[in-house]
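S.K.: give the three-dimensional model of this entry:
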Amino acid sequence: MKVEDRIVRSIAQRKGPVVLRSEVAPLGSSTQVGRVLSKLVDQGRLVRVSKGVFAKTRLNKFTGKPTPAGTFEVIAAETFRKLKVEVLPGKLTKEYNSGKTTQIPMDSVVSTGKRRISRKIQVGNREVKYEKNNRRVEV
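M.R.: Residues are numbered from 1 along each chain as shown. Predicted coordinates for the structure are as follows:
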């Protein structure tokens, strides 16, 4: 069985929409895996979300073009979960969820606490923005 077939089968059997390169790396050499993932992106079967992070696609029934298999928020949340990065909702999202405001936040902003993150996570033209919380907690 070719490396491409093994990677395609592995991706199809995964439950969530996000696939990390490290998850399919054992199926072939680094060069082979890179070429197969690049080919799948060119074919429209995967979308590149970040360095080493890809999202599955499905056909849009209106346009007939491939679109990510999940919403931007779902893909971003699963990416952070798989990368073991703990994030919290941003300040504006917290205010909206608690009922302090009725303004719906348009940007996807997450709070990283005191951790610095520079990873660019982007699906289409939407991108995750980071908010750092430097406040000291008084005991």
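S.K.: got the end-to-end distance for stretch 35-54?
M.R.: Start-to-end span of stretch 35-54 (Cα to Cα, to the nearest Å) is 14 Å.
S.K.: try stretch 11-24
M.R.: Taking Cα to Cα, stretch 11-24 runs 8 Å from one end to the other.
S.K.: using the three-state scheme, assign the nearest residue to Ile11 once chain neighbours are set aside.
M.R.: Closest residue to Ile11 apart from its sequence neighbours, by Cβ to Cβ, 6 or more residues apart in numbering: Val19 at 5.4 Å. Bear in mind the C-beta positions are built from the backbone N, C-alpha and C, glycine included. Under DSSP: H, G, I helix; E, B strand; the rest coil, the three-state class of Val19 is strand.
S.K.: against Gly70, how distant is Val19?
M.R.: As judged by Cβ to Cβ, to the nearest Å, Val19 and Gly70 stand 12 Å apart.
S.K.: ok, the two, which is more surrounded?
M.R.: Per other Cβ atoms under 10 Å, whichever of Val19 and Gly70 has more neighbours is Val19, with 23 against 19.
S.K.: sorry, back to before: any shared contact partners between Val19 and Gly70?
M.R.: Contact criterion Cβ atoms under 8 Å, 6 or more residues apart in numbering; residues shared by Val19 and Gly70: Ala55, Lys56.
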